[in-house]
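# Could you look at this predicted model? Sequence included:
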2 protein chains.
Amino acid sequence: MPFTYDFPRPALTVDCVVFGLDGAELKVLLIRRKAAPFAELWALPGGFVEMEETLAQAAARELQEETGIRDVFLEQLYTFGAVRRDPRGRVVSVAYYALVQSGKYPPRAASDADAVEWFPVSATPALAFDHAEILSVALVRLKNKVRYQPIGFELLPPKFTLTQLQRLYETLLEQPLDKRNFRKKIQSMSLLVELDEVQKEVAHRAARLYRFDKRKYRQLEKQGFNFEL
Amino acid sequence: MPFTYDFPRPALTVDCVVFGLDGAELKVLLIRRKAAPFAELWALPGGFVEMEETLAQAAARELQEETGIRDVFLEQLYTFGAVRRDPRGRVVSVAYYALVQSGKYPPRAASDADAVEWFPVSATPALAFDHAEILSVALVRLKNKVRYQPIGFELLPPKFTLTQLQRLYETLLEQPLDKRNFRKKIQSMSLLVELDEVQKEVAHRAARLYRFDKRKYRQLEKQGFNFEL
DNA sequence: CCAAAAGTGTTTCACTTACACCCATGA
DNA sequence: TCATGGGTGTAAGTGAAACACTTTTGG
């Protein structure tokens, strides 16, 4: 079916802000651009939306193509439509953010051997286009959302210790938390399953491992339960 | 500068979910479509994004053109990109939501004398495209956001009584609130300025009028204050 | 046995909740 | 004078915050 309104139209892209946790540091995955504009500069992974894919599919596809990352938490962030945000012409970009276990994706996992690297969010290089703004919006969103949605777990391996979880929240909220109060609170939500396993190869008492019970969360959610740290 | 990547591209539109409060009822403004597709059906105001305007400008322009409404709270909601959401072809739509004092915009204020009408959000007619889904996402957003951002005031006239404000929250949160506790809490935030005026023409004791102090809010916000009902 | 992190309870304080009566006004 | 909503304080309960020591393990 030919399109009735054939006005000039903006090009449409997706960009992905990929967050990972490295010890007590929040990092973002960037790729080095090969082509103009902004060749040699670092940028968010992303690209043009194709005609037969949804926006989320486009984001997932670009992420996979440019960084090898797939099957991760991916959520729409915001759509950026400043008129001159791309020097090539009018390009509107739908930004997504992803949460990954950075350990699973070492720096050079990219499929096309391109330059892909993790940077601390507090020390990123100069970025192409308006990607610095996109990153900043993503950071604000992540820091807020982590308080009232259990998305932080996406940044941890499936089995984790309570101390790891606490460090995660301390990093994202940028404030120290009391160990006993944190444990009391998180355990009282009964969203964590205590495993019959402990940490290995640590030079001190081994901590118990837990996993997040997603099924239980969905169930409680329906009953009006609100996660809140 | 000619565009380097000249692939086929989705068309881009904006749609606006306009909320208003009518007494104790939340309403949404719809327009009746004249042209195909979905001629005669009700739809959200919206239209195509032009090449030299931002997304927010496009939303504001369409709102003004189709309903006469301008200078209101308008915030990006979400971008809808299902492949077949428009029968004419691939159309991606950036949705916005607006909060207006519905009293200022009686049903037929539209500039082009088209059919424009307020409907209770709980009793809307069948909607064109995926507009029912957009409305539903907007409702969820509004109901959540009103808890932790003082945006509810956008639905009230500049001068309002505490009872009006309480009714507003009761409507949006869908739960009754205790009068004394509500007043204590809202006043303790010191975001309301007590005016030297009272209600007129009521058949009972006239209530004191207040206004929301936006300047004060911005100031407190910077100091880490969090609005929360 | 030392270093390092794991694990564990109680008290205090602040905030939230529940609750009922008198007041002012116009009809 | 009556009907209608406006306006006000206190007590009880619940959840958040502060806080320090013992245990386990590997080196």
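Nice, thanks for sending it over. This structure is a prediction, so every number in the text was calculated from the model and none was measured.
# I'd like the next helix or strand past the longest helix along chain A.
For chain A, the longest helix by residue count, based on DSSP state H, is helix A:131-148. The helix or strand immediately downstream of helix A:131-148 is helix A:162-173, counting by DSSP states H and E.
# Show residues contacting that following helix.
Helix A:162-173 is contacted by residues A:21, A:23-26, A:142-143, A:146-147, A:152-153, A:155-156, A:176-177, A:179, A:182-183, A:186, A:207-208, A:210, A:229 when judged by Cβ atoms under 8 Å, 6 or more residues apart in numbering or on different chains. Heads up, the C-betas are built off the backbone N, CA and C, glycines and all.
# do that again at 10 Å, thanks
A:19, A:21-26, A:139, A:142-147, A:151-153, A:155-157, A:160-161, A:175-179, A:182-183, A:186-187, A:192, A:194, A:199, A:207-210, A:212, A:229 (Cβ atoms under 10 Å, 6 or more residues apart in numbering or on different chains).
# tell me, which of the residues you listed make contact with DNA strand D?
Counting by Cβ under 7 Å from any atom of the strand, A:Asp178, A:Lys179 from those sit close to DNA strand D.
# List only those of the contacts of helix A:162-173 flagged as buried.
A:19, A:21, A:26, A:139, A:142, A:146, A:151-153, A:155-156, A:160-161, A:177, A:182-183, A:186, A:192, A:199, A:209-210, A:212, A:229 (16 or more other Cβ atoms under 10 Å in any protein chain shown).
# Among those residues, name the ones that also lie close to DNA strand C.
Answer for these near DNA strand C (Cβ under 7 Å from any atom of the strand): A:Thr161, A:Arg183.
# returning to what we had before: quick check: angle from the longest helix of chain A to helix B:131-148?
Between helix A:131-148 and helix B:131-148, the angle comes out at 70 degrees (axes from the mean of the first three to the mean of the last three Cα atoms, to 10 degrees).
# Can you confirm whether helix A:131-148 lies near chain B?
Yes: looking at helix A:131-148 against chain B by Cβ under 10 Å from any Cβ of the partner chain, the contacts come from A:Asn144, A:Arg147, A:Tyr148.
# Just want the angle from that helix to helix A:162-173.
130 degrees.
# can you give me the offset of helix A:131-148 from its chain's centre?
9 Å (Cα atoms, centre = their mean, to the nearest Å).
# averaged over its residues, what pLDDT does it have?
For helix A:131-148, the mean pLDDT works out to 98.
# cool, stretch A:206-217 as well?
Rounded mean pLDDT across stretch A:206-217 is 97.
# Please apply the same query to stretch A:69-84.
For stretch A:69-84, the per-residue pLDDT averages 98.
# I'd like the distance from the longest strand along chain A to the chain centre, please.
Secondary structure of chain A per DSSP state E: the longest strand is strand A:11-22. Taking Cα atoms, centre = their mean, one finds strand A:11-22 lying 7 Å from the centre of the chain it belongs to.
# picking that back up, ok and the longest helix of chain A relative to strand A:11-22, angle-wise?
60 degrees.
# which helices and strands does helix A:131-148 pack with?
Helices and strands touching helix A:131-148, by 3 or more Cβ pairs under 10 Å, 6 or more residues apart in numbering or on different chains; DSSP states H and E, are strand A:11-22, strand A:25-32, strand A:42-43, strand A:73-80, strand A:91-100, helix A:162-173, helix B:131-148.
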